[in-house]
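[1] mind looking at a prediction? Sequence and model below.
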Amino acid sequence: EKKNTKNTEERKKGNRGQGDLTAPFRDIHVLTNAGLLTAAAIVLGFFKIPLTDIIEIRFASLPVAIAGYLFGPVIGGAVGALSDLGGYFLKPTGPFFPGFTITSMVSGVIFGFMLYRQKPAPMRILMSQIVYTIICGVLLNSLWLSMLYGNGFIPVLTARFVKEIIMIPINTIMLVTIMEPVKRFRRAGAGIGTED
């Protein structure tokens, strides 16, 4: 009984499974919310707002970032990978290439490492977007596109660089905006994360 009480207190403080990477997958509360975020990422992946011929606003990374913020890099990575696979199998838009699934997984891991158990201040969110853009948008996706279509890596990276950099402030503003209701959910949501 004392052990159960201690576990409950640890969960209230957000100390869920710090030393066990599989612990989140045994928590029904975490899995339920991760499933909802995965579904949201899949649905949002079908929508985009074109700004120019090459620049468009996409929304699928928002639920992945929220998963990383709420539940850490393990669940964030899982939500990223599953949302990419789910989106492809529901509405394929080209040949399947596992590299893009890796990118989605890495994005969740990045947001998890940079936002989990942290106060999501605008500067921290901006830094997470910069890291996410450089690693996922510029480096990884340029590599996958060069492999997929047989083009040189440097020309692909050069062509994508400006577009990806332009999206950093746009994506940051979207994530800062959506983090406000998410923070209130975390405070009211029975021990998710830590106190601000």
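    Nice, thanks for sending it over.
[2] hey, where'd the strands end up in this structure?
    Secondary structure of the chain (DSSP state E): strands located at 48-50, 56-58.
[3] show me what the first one is in contact with.
    Right, the one you point to is strand 48-50. Glu56, Ile57, Arg58, Phe59 (CB atoms under 8 Å, 6 or more residues apart in numbering). Quick note: C-beta positions are derived from backbone N, CA and C, even for glycine.
[4] go through those and say which is closest to Thr101.
    Arg58 (16.1 Å; CB to CB).
[5] pLDDT wise, what is that closest one at?
    pLDDT for Arg58: 89.
[6] nearest residue to it other than its sequence neighbours?
    Leaving out its chain neighbours, the residue that sits closest to Arg58 by CB to CB, 6 or more residues apart in numbering is Lys48, at 5.1 Å.
[7] that neighbour and Tyr69: what is the separation?
    Per CB to CB, to the nearest Å, Lys48 is found 23 Å from Tyr69.
[8] who's more crowded, the two?
    Counting neighbours by other CB atoms under 10 Å for Lys48 and for Tyr69 shows that Tyr69 has the greater number, 26 against 12.
[9] make sure the more buried one is actually in contact with Lys119.
    No. Counting by CB atoms under 8 Å, Tyr69 does not reach Lys119; the two are 10.3 Å apart.
[10] quick one: closest of the strands of the chain to Leu82.
    Nearest of these to Leu82, taken as CB to CB: strand 56-58 at 17.4 Å.
[11] just checking: what are the partner strands of the closest one?
    Sheet pairing of strand 56-58 (DSSP bridges) gives strand 48-50 (antiparallel).
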